[in-house]
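1. Please work out how this folds:
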Amino acid sequence: MTRVSIVIPALGEAGQIADCIRSARDAGADEVIVVDGGSADGTVAEATRAGADRLLSSPPGRALQMNAGAAAAGGDFILFLHADTRLPAGACKSVRKAMADGRVVGGAFPLALGASGSAGQWTRMLLRLTGRMIGVRSRLFRAYTGDQAIFVRGSFFERIGGYERVALMEDVRLSAAMRRAGKTVLLGERAITSARRWEARGPLRTILRMWSLRAAHALGMSAERCAKYYR
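-> From the prediction side, this is the model:
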């Protein structure tokens, strides 16, 4: 049977990492690798207690951390899972089924934004709408974000040299590389990601910021400059 390795980049995620690892286990991962970017809040200890198969250290930066995890992974397929994203149960079975088609390079999951208990009705409505819009964009353009738990054939990922070493938009660039190389798939089950940054910054403001940055990047703005404006 083909193996699925799940790589989790983490930085300051002591409150999230244990649930994330449990989600990876429930999804059916053959291997769970956590790559810490220098956390000072107990993330490493929590990941150890939660039973990660491997715990690696890396300079901070999602691209760097995910590349380090992929280099250590033993699976045929690699799934990149953000620490605040949860996979549906049995997700790895769906990945294996999709990737049984040799034309498929990789793919992702539809996304739902998980609102906090304090979120108001208006915020919840906007978050539901945003999740659906992300799904429509993903189906139409085969463009995936890191929150969607991107998965990829390990041999392809190695061939392209992994994620580009950029401060932001590494997921956009990987999606583009997958589109150029072959077929990609958006699976049926939804991944749920925390809406904490959407709520903190305001849903509409966050939507406009992300769309603007993606458009600017497509028109030539560097990933480093995008990262500066994002932060």
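
2. Residue ranges in this protein under the pLDDT threshold?
-> 203-204, 207, 213-219, 221, 223, 226-231 (pLDDT under 70).

3. All the helices of it, in order from the start?
-> Applying DSSP state H to the chain gives helices spanning 17-27, 43-50, 62-72, 91-99, 121-141, 154-159, 170-181, 196-201, 203-218, 223-230.

4. Measure how far the fifth one is from the centre of its chain, please.
-> Right, the one you point to is helix 121-141. The chain centre lies 17 Å from the centre of helix 121-141; the measure is C-alpha atoms, centre = their mean, to the nearest Å.

5. So for residue 33, which of the helices of the chain sits nearest?
-> Comparison of the helices of the chain against residue 33 by C-beta to C-beta identifies helix 62-72 as nearest, at 4.5 Å. Every C-beta, even on glycine, is put in place using the N, C-alpha and C of the backbone.

6. other SSEs contacting the closest one?
-> Using 3 or more C-beta pairs under 8 Å, 6 or more residues apart in numbering; DSSP states H and E, the elements in contact with helix 62-72 are strand 4-10, strand 31-36, strand 54-57, strand 77-80, helix 154-159, helix 170-181.

7. Residue 83 is nearest to which of the helices of the chain?
-> Nearest of these (C-beta to C-beta): helix 17-27, 4.9 Å.

8. same for the closest one, what does it pack against?
-> For helix 17-27, the packing partners by 3+ C-beta pairs under 8 Å, 6+ apart are strand 4-10, strand 31-36, helix 43-50, strand 85-86.

9. Turn those into TSV, columns for mean neighbour count and distance to residue 116.
-> Conversion of these to TSV gives the following (neighbours: other C-beta atoms under 10 Å; distance: least, C-beta to C-beta, whole Å):
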stretch	mean neighbour count	distance to residue 116
strand 4-10	28	20
strand 31-36	25	24
helix 43-50	18	20
strand 85-86	23	14
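
10. now for those, which one comes closest to residue 19?
-> Residue 19 lies closest to strand 85-86 among the helices and strands packed on helix 17-27, at 6.9 Å (C-beta to C-beta).

11. who does that closest one pair up with?
-> strand 191-194 (antiparallel) (DSSP bridges).

12. Dump the partner strand to PDB, keeping only the CA atoms.
-> Output in PDB follows, covering the C-alpha atoms of strand 191-194 (Å, rounded to 0.1, in the frame of the first residue of the first chain):
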ATOM      1  CA  ALA A 191     -10.600  20.500   5.800                       C
ATOM      2  CA  ILE A 192     -11.400  22.900   8.600                       C
ATOM      3  CA  THR A 193      -9.000  25.700   9.300                       C
ATOM      4  CA  SER A 194      -9.100  28.200  12.200                       C
END
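
13. what's in contact with that strand?
-> Contacting residues not belonging to strand 191-194 are listed as 16, 82, 84-88, 91, 109-114, 147-149 [C-beta atoms under 8 Å, 6 or more residues apart in numbering].

14. if we can go back for a sec, closest to residue 197 out of the helices and strands packed on helix 17-27?
-> Comparing the helices and strands packed on helix 17-27 by C-beta to C-beta, strand 85-86 comes nearest, at 12.3 Å.

15. contacts for that closest one?
-> Against strand 85-86 from outside (C-beta under 8 Å, 6+ apart): 19-20, 23, 114, 147, 149, 191-194.
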